[in-house]
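# Here you go, sequence then predicted model.
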2 protein chains.
Amino acid sequence: MQRPPADADWMAAAIALSRRGRPASAPNPNVGCLLVKDGTVVGRGWTQPGGRPHAEAMALAAAGDAARGATAYVTLEPCAHASPRGPACSDSLITADVARVVIAAQDPDQRTDGLGIARLRDAGIEVVFNMAPAAARAAMAPWWTRQSEGRPFVTLKLATSLDGCIARADGASRWITGPRARAHGHLERAQHQAILVGRGTFDADAPGLDVRLPGLEDRSPRKMLLTRGTAPAGWTAVAAPEAVGDVDSLLVEGGARTAAAFLAADRVDRLLLYRAPILIGGGKAALGDIGLTDLADAHGRWRPVDSRLLGSDRLDVYERIRTI
Amino acid sequence: MQRPPADADWMAAAIALSRRGRPASAPNPNVGCLLVKDGTVVGRGWTQPGGRPHAEAMALAAAGDAARGATAYVTLEPCAHASPRGPACSDSLITADVARVVIAAQDPDQRTDGLGIARLRDAGIEVVFNMAPAAARAAMAPWWTRQSEGRPFVTLKLATSLDGCIARADGASRWITGPRARAHGHLERAQHQAILVGRGTFDADAPGLDVRLPGLEDRSPRKMLLTRGTAPAGWTAVAAPEAVGDVDSLLVEGGARTAAAFLAADRVDRLLLYRAPILIGGGKAALGDIGLTDLADAHGRWRPVDSRLLGSDRLDVYERIRTI
């Protein structure tokens, strides 16, 4: 017989839900909430586009009276500050008479930061907090990076052959990866607020930089061009990796000089490496000079977090190891 | 309760045993044999260094009288030809009075090729054959390639950064991969008859091309140098990828031009790609020109067969898809 789900299992489900809010919840955090009573989900929610309703409000609305006595699994501490757009979620949970609130991560926003937890406790609700801070933060990485470092969370995508080439020497790059890897790349686009390329990629592929997945066409991100000059209509000019502006999640898609510029500025948080099972030999390298002067300095910076086959292509995901 | 092992499980164990014979069994095939009676292993063997005793002889010697009525799991059809160095294994199995013989793959050697099976059947022994030909062939790939194509089975090893570099632009390559990946590379050396490098790698790393694993120092392979000239003492000169000579398994370890020469000649059967979680940027590419003129031609040649983490390095193994 299977064991019944434990707190950690429900929280994992809430964290999965929270990812649905990316990137549309910005500038609000993408939170997930699950209401569970007698082993059954009675409500679920995630931060809606534009940031409201909050995940808790959506889950409470779905549960109605069933919320009474339930346990709420929330990926981020419920907010303690009311706004013109809605009441504070900690108050809503109290009003709904939930019995217990399990929180993955405390809210670093100074308007809440522990106040939500205190308010719930003061109302006699059992609170479990810091249940899964690392996983919750990873799911909210763009918002978290903006909160803690005041800059966007940047993903660099590279699609290469096994020998690390992004094209033949003559520039030919269609196609290196197969349809499943390309579809995954489009899904990544849909989860970012903006996509950035350099001039070479713009000239070669500007019309292709949309989300081309059925039902997700309207999720195409803002388009940014790394240039010291001006950008064409519909595009935003970005003068340097440090000057991306007010987006929380940015996908850098190429080419080699643009990728190198972001790496040299240490502005890349996550690497998406798609690798086709082909060898090119003497082709275009994935990366230009990133200013590395000693091999030893290259180590200890990237942690493998995922690896999977997409058809016969392999996707490897790495995250920057940062000491904050 | 666990189900008892089935034929396929015993055969998988026999195939694992067969790998112990690599590369010392050459020029004989590295065969594995398991004798099982009443659900218990009563004998096991694998082809010994120099090719004798055969796997069946070793297993029968270990089992003694217990072989009577047992099932023999053999990865290759037992030989039908006696030699001055020992009797035919099909005769030995008959003499030992085994009840049943399960064979993974038929022997393509014309001196046996079905004759071993026929002899066992004629003696009233139940024979199951062609049980796991692909897995058995993979375990005997060097011998099988020599038998079927008259050439060595070649593995190409590349150790790169995530962006596909084997060194910094100035040549610095110590270290890219970590100790676990390097130890795995030494284990691969121990499983090959010969190791080949080009002049650049020879000049940079000749003293380092041994097996440096405790207890396996004497398993260091023959050393070959790809050169149109002569080789230094202790090394064999190889003029071209097509002229490797009488080894069945060759490990090509570098550098980029040597790797490209073997790929351009389509003489690589297996790729061992070790990737450290570092970015170099503008470094030395893993591969020189391999003569690819159309990206489409690069596809459909390599099949992913393994991927694993070795510390924080990743090893990906690919095999050449060949239509014979």
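Yep, that arrived.
# Check which residues of the worst-scoring helix or strand of chain A on mean pLDDT are buried.
Scoring the helices and strands of chain A by mean pLDDT, DSSP states H and E places helix A:199-205 at the bottom, with a mean of 87. By 16 or more other CB atoms under 10 Å in any protein chain shown, the buried positions in helix A:199-205 come out as A:201-202, A:204. In short, each C-beta sits where N, CA and C put it, glycine included.
# what about that helix, near chain B?
No - taking CB under 8 Å from any CB of the partner chain as the criterion, helix A:199-205 and chain B are apart, separated by no less than 14.5 Å.
# Contacts for that helix next, please.
A:171, A:197, A:225-227, A:235, A:253-255, A:257-258 (CB atoms under 8 Å, 6 or more residues apart in numbering or on different chains).
# so can I have a markdown table of these showing pLDDT, secondary structure and distance to A:Leu34?
Formatted as a markdown table, the contacts of helix A:199-205 follow (pLDDT from 0 to 100; DSSP: H, G, I helix; E, B strand; the rest coil; distance: CB to CB, whole Å):
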| residue | pLDDT | secondary structure | distance to A:Leu34 |
| --- | --- | --- | --- |
| A:Gly171 | 87 | coil | 49 |
| A:Val197 | 96 | strand | 38 |
| A:Leu225 | 96 | strand | 41 |
| A:Leu226 | 97 | strand | 40 |
| A:Thr227 | 95 | coil | 44 |
| A:Trp235 | 94 | strand | 40 |
| A:Glu253 | 94 | strand | 34 |
| A:Gly254 | 84 | strand | 38 |
| A:Gly255 | 89 | coil | 42 |
| A:Arg257 | 95 | helix | 45 |
| A:Thr258 | 97 | helix | 40 |
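# Separate out the buried members of those residues.
A:197, A:225-227, A:235, A:253-255, A:258.
# Take the contacts of helix A:199-205 and write them to TSV, including distance to chain B.
What follows is the contacts of helix A:199-205, written out as TSV (distance: CB to the nearest CB, whole Å):
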residue	distance to chain B
A:Gly171	11
A:Val197	18
A:Leu225	22
A:Leu226	16
A:Thr227	21
A:Trp235	26
A:Glu253	15
A:Gly254	13
A:Gly255	13
A:Arg257	10
A:Thr258	12
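# Contact partners for whatever residue of the stretch 151-300 of chain A ends up closest to chain B?
Minimum separation of the stretch 151-300 of chain A from chain B (CB to the nearest CB) falls at A:Gly164, amounting to 1.4 Å. By CB under 8 Å, 6+ apart, the contact list for A:Gly164 reads A:285-286, B:160-161, B:163-165, B:285-286.
# coming back round to it: just the closest of the buried residues of helix A:199-205 to A:Pro304, please.
Nearest to A:Pro304 out of those is A:Thr201 (CB to CB; 26.3 Å).
# Mind jotting down where the helices sit in the stretch 101-250 of chain A?
Along the stretch 101-250 of chain A, counting by DSSP state H, counting those that start in this stretch, helices occupy A:115-122, A:133-139, A:141-149, A:179-190, A:199-205.
# Can you give me the pLDDT of the nearest residue to A:Arg320 once chain neighbours are set aside?
Leaving aside its chain neighbours, A:Arg320 sits nearest to A:Asp269 (4.9 Å; criterion: CB to CB, 6 or more residues apart in numbering or on different chains). With respect to pLDDT, A:Asp269 scores 97.
# Touching, A:Asp269 and A:Pro142? I think so.
No - between A:Asp269 and A:Pro142 there is no contact, the gap being 9.1 Å when judged by CB atoms under 8 Å.
# Among those two, which residue is more densely surrounded?
Neighbour totals were compared for A:Asp269 and A:Pro142, and A:Pro142 leads with 27 against 22 (other CB atoms under 10 Å in any protein chain shown).
# give me every residue that touches the more buried one.
A:22-23, A:26, A:152-153, A:193, A:248-249.
# okay, among the buried ones among the contacts of helix A:199-205, which ones form the most distant pair?
A:Trp235 and A:Gly255 (16.3 Å).
# Show me which residues of the stretch 101-250 of chain A are close to chain B?
A:158, A:160-165, A:168-169, A:172-176.
# ok, A:Pro53 to A:Lys37 distance?
According to CB to CB, to the nearest Å, A:Pro53 stands 21 Å off from A:Lys37.
# any low-confidence regions in the stretch 201-324 of chain A?
Per-residue confidence for the stretch 201-324 of chain A (pLDDT under 70) gives these ranges: A:207, A:324.
# can you rerun that using 80?
A:205-208, A:216-219, A:323-324 (pLDDT under 80).
# rewinding a little: among the contacts of helix A:199-205, which one sits closest to A:Thr71?
A:Glu253 (41.7 Å).
# tell me the contacts of that closest one?
A:157, A:195-197, A:201, A:209.
# 10 Å - rerun?
A:155-159, A:185, A:188-189, A:192, A:195-198, A:201, A:205, A:208-209, A:259, A:272 (CB atoms under 10 Å, 6 or more residues apart in numbering or on different chains).
# Show me chain A divided up by domain.
For chain A, the structural domains run A:7-143, A:151-320, going by automatic domain parsing.
# Now do the first one: distance from first to last residue.
The one in question is domain A:7-143. Start-to-end span of domain A:7-143 (CA to CA, to the nearest Å) is 25 Å.
# that older thread, OK, contacts around the residue nearest to A:Arg320?
A:Asp269 neighbours (CB under 10 Å, 6+ apart): A:141-142, A:145, A:149, A:151-156, A:249-250, A:262, A:318-320, A:322.
# and what of A:Trp175?
By CB under 10 Å, 6+ apart, the neighbours of A:Trp175 are A:159, A:181-182, A:276, A:278, B:295-296, B:299.
# wait, which of those residues is closest to A:Pro241?
Of all these, A:Ala159 has the smallest distance to A:Pro241: 20.4 Å, by CB to CB.
# Now do the closest one, the pLDDT please.
For A:Ala159, the pLDDT comes out at 95.
# and if you look at the one 10 residues further on?
A:Ala169 carries a pLDDT score of 91 in this model.
# How about the contacts made by it?
A:280-284, B:289, B:292.
# Reformat the residues you listed into JSON lines and put distance to A:Ala12 and neighbour count next to each item.
Below are these laid out as JSON lines (distance: CB to CB, whole Å; neighbours: other CB atoms under 10 Å in any protein chain shown):
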{"residue": "A:Ile280", "distance to A:Ala12": "40", "neighbour count": "28"}
{"residue": "A:Gly281", "distance to A:Ala12": "44", "neighbour count": "24"}
{"residue": "A:Gly282", "distance to A:Ala12": "46", "neighbour count": "17"}
{"residue": "A:Gly283", "distance to A:Ala12": "41", "neighbour count": "29"}
{"residue": "A:Lys284", "distance to A:Ala12": "41", "neighbour count": "19"}
{"residue": "B:Asp289", "distance to A:Ala12": "49", "neighbour count": "16"}
{"residue": "B:Leu292", "distance to A:Ala12": "45", "neighbour count": "23"}
